[in-house]
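Peer 1: Here is my input; please provide its structure:
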Amino acid sequence: MKKYYSIYTEIKRKILNGNYRAGEKLPSKRVMADMLGYSTITVERAYAMLEDEGYIKSRERSGYFVEQIDLSAGALPTVTRAPIQHIKENHALPKERDLEYSLWFKTIRKVISERGEELFVKAPSKGCPILRNAISDYLYRYRGMSAEPRRIIIGSGSEQLYEIAVKLLGREKIYGIEDPSYSQIKAVYLGMGASICPLKFGNDGIESGALFSSQFDVLHVTPFHSYPSGITTPVSKRYEYLKWAQERKSYIIEDDFDSEFFIPGHPIESLYSLDQGKSVIYINTFSKSLSPSMRMGYMILPEALLPIYKKRLESFSCSVPVLDQYVLAEFISNGSFERHLNRVRRKMKR
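Peer 2: Numbering: from 1, shown residues only. You can find the predicted model right below:
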């Protein structure tokens with residue numbers, strides 16, 4: 001416990017117990033410091049806390065006096081330490097997804113050593129340029145996706161990115177979601193005050209009848225390994241989704257979670273690629289590809305939504321720490337991320 005706080009606590013106890021009576025003058029700061037063997041600055045901090053809380057009052061050139069406190073309303077306050085609860089947690093990760101943590105920590109040390117003061121500069125609302133550039137290069141190299149860094153938004157996981165999508169498109173919109181789907185999708189939309197329209201899910205994706213006859217404004221889909229069905233929609237169904245967006249002049253939120261682990265080869269073409277980024281908001285995270293503890297993800301906005309983002313959201317800070325962004329950028333740029341993906345996919349094939 002800090003010295004000034006122990007003085008504050010002891011004097012407060014004596015005031016509440018009546019050892020120091022209302023109107024009584026306390027020893028001067030110098031006298032109290034000599035009595036306790038502390039510095040006058042330490043005593044001054046304790047007196048300042050007591051005065052701020054109304055236990056004592058300073059009078060110019062006279063000293064500190066105990067204030068009148070009516071204790072009839074209740075018992076003296078007591079504070080007890082809560083018992084420490086020992087919880088056994090299971091931190092085990094699936095073996096085929098294990099990250100080489102020594103390499104990750106090596107990257108952290110390298111970034112801290114080389115970047116220094118850059119890590120203390122506030123990130124722009126879209127995220128650090130170095131990470132947005134790295135993601136743009138990676139998507140072109142590994143996924144064949146063209147995404148300018150200025151259209152990439154960094155966020156702390158898929159749920160926050162869903163929230164950004166709602167803020168961009170509007171809470172008054174009705175969001176069509178797969179039925180069944182990942183429970184957090186529904187929870188986020190409802191939590192943001194938006195309405196949802198469940199769309200029946202068939203053997204290859206959302207059933208055509210439900211897609212074109214239901215009344216909703218924005219379509220949210222997970223074309224790769226949709227949860228809980230595990231179905232990956234074929235290209236014909238993907239074009240059907242894009243046809244819906246074209247006819248309605250609306251947007252599709254493509255949640256491409258886990259697509260890096262498409263076993264036969266490179267991940268199949270995304271809705272975003274098929275549409276060339278005109279009406280698809282693309283969302284992906286690093287929670288599955290690296291570790292659930294790494295709450296980092298990104299979204300790619302269509303060109304038409306950039307002015308709306310600037311107007312509504314550019315004043316908000318990026319929620320991902322700058323250090324984490326720089327480390328991930330280095331991990332991607334030096335090829336470690338792609339080597340990790342290839343290593344994991346080889347293990348999964350076996």
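
Peer 1: got the residue ranges for the strands in this structure?
Peer 2: With strands called from DSSP state E, the chain shows them at 56-59, 63-66, 152-155, 174-179, 195-200, 218-221, 252-255, 280-285, 297-300.

Peer 1: Those: which one's closest to residue 327?
Peer 2: strand 152-155 (13.0 Å; Cβ to Cβ). (Glycine included, C-beta is placed from N, CA and C.)

Peer 1: Just checking: what are the partner strands of that closest one?
Peer 2: strand 297-300 (antiparallel) (DSSP bridges).

Peer 1: Show me the contact partners of the strand it pairs with.
Peer 2: Here strand 297-300 makes contact (Cβ atoms under 8 Å, 6 or more residues apart in numbering) with 127, 132, 135, 147, 151-158, 160-161, 164-165, 272, 277, 281-287.

Peer 1: Of the strands of the chain, which is nearest residue 326?
Peer 2: So among the strands of the chain, strand 152-155 is nearest, using Cβ to Cβ, at 11.6 Å.

Peer 1: tell me the mean pLDDT over the closest one?
Peer 2: Mean pLDDT, computed over strand 152-155, is 96.

Peer 1: Could you point out which residue ranges in the chain have low pLDDT?
Peer 2: 1, 71-82, 84-98, 258-268, 277, 349-350 (pLDDT under 70).

Peer 1: how does it look with 80?
Peer 2: The model of the chain has pLDDT under 80 over residues 1-2, 69-101, 257-269, 276-277, 287-288, 291-294, 342, 344-350.

Peer 1: hey, where'd the helices end up in the stretch 1-150 of the chain?
Peer 2: 3-17, 29-36, 40-52, 101-115, 129-138 (DSSP state H, counting those that start in this stretch).

Peer 1: which one of those helices is the most hemmed in?
Peer 2: Each of the helices of the stretch 1-150 of the chain was given a mean neighbour count from mean count of other Cβ atoms under 10 Å, and the largest, a mean of 21, is that of helix 129-138.

Peer 1: which outside residues touch stretch 239-257?
Peer 2: By Cβ under 8 Å, 6+ apart, stretch 239-257 touches 158, 162, 165, 169, 175, 182, 185, 205-206, 208, 211-212, 217-225, 227, 233, 270-272, 274-275, 279-285, 288, 302, 305.

Peer 1: what about burial for the residues you listed, which qualify?
Peer 2: 158, 162, 165, 169, 175, 182, 185, 205-206, 211, 217-225, 227, 233, 270-272, 275, 279-285, 288, 302, 305 (16 or more other Cβ atoms under 10 Å).
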